[in-house]
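> structure for the following, please:
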Amino acid sequence: MGIPKCFNAEVQAGNLRSFYLDETPNTSNSIGLGLVRLVVEPEANVPQRIKQLERCARALPVAQQRNAIELIEQALVYKFPKRPWRELEVMFGLTEWKQTRFYQEVSAEGYQKGGQAKQLEIALKLLELGSSIELVAKGTGLSVEQVQQLQQQLNQSSQN
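Numbering: from 1, shown residues only. Next up is the predicted model:
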């Protein structure tokens, strides 16, 4: 495959060259190279690669460790998109998973969506029981407009 022709000047100047993962030492202490390897790593070898990446991350200055660990964890999530995070946590011994910004953002988003869904569920039940729109809005914390929309949906579904 090689380097695209548009980079020929850089190649000739010695500023750019190709290198292949299989030609690099497997014991490299580079987080970046390790993450690239993780992307193409067969699933059976991933636990060893994660251990190597974790060792590399722990060797960094404390201020950079958390960012490196978050990057590793996000790479795992992308590598195994259909697996639940708890499974990945157990599988790879991700002890700091819950302290990462990634986890906290996903958790907060899920909590917010779950809370909103519960509000809507309660509002629907109250409307079905004949409560007024204002009372439902006040009791659930939803806006009057949201409750009115729910009432319309409820009316449409009962007509069908």
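> can you count the residues close to Gln64?
12 (other Cβ atoms under 10 Å). (C-beta placed from N, C-alpha, C; glycine too.)
> distance of it from Leu71?
For Gln64, the distance to Leu71 (Cβ to Cβ, to the nearest Å) stands at 10 Å.
> which residue ranges form the helices in this structure?
8-12, 31-40, 46-59, 62-79, 85-92, 101-128, 133-140, 144-159 (DSSP state H).
> and of those helices, who's closest to Tyr20?
Tyr20 lies closest to helix 31-40 among the helices of the chain, at 11.1 Å (Cβ to Cβ).
> in CSV, list the helices of the chain along with mean pLDDT and distance to Glu23.
What follows is the helices of the chain, written out as CSV (pLDDT from 0 to 100; distance: least, Cβ to Cβ, whole Å):
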stretch, mean pLDDT, distance to Glu23
helix 8-12, 90, 17
helix 31-40, 84, 12
helix 46-59, 85, 17
helix 62-79, 80, 22
helix 85-92, 71, 27
helix 101-128, 68, 32
helix 133-140, 84, 62
helix 144-159, 80, 59
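> dump those to TSV, plus distance to Leu21.
Shown next, in TSV, are the helices of the chain (distance: least, Cβ to Cβ, whole Å):
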stretch	distance to Leu21
helix 8-12	20
helix 31-40	6
helix 46-59	12
helix 62-79	15
helix 85-92	21
helix 101-128	26
helix 133-140	55
helix 144-159	52
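> many thanks, I have nothing further to ask.
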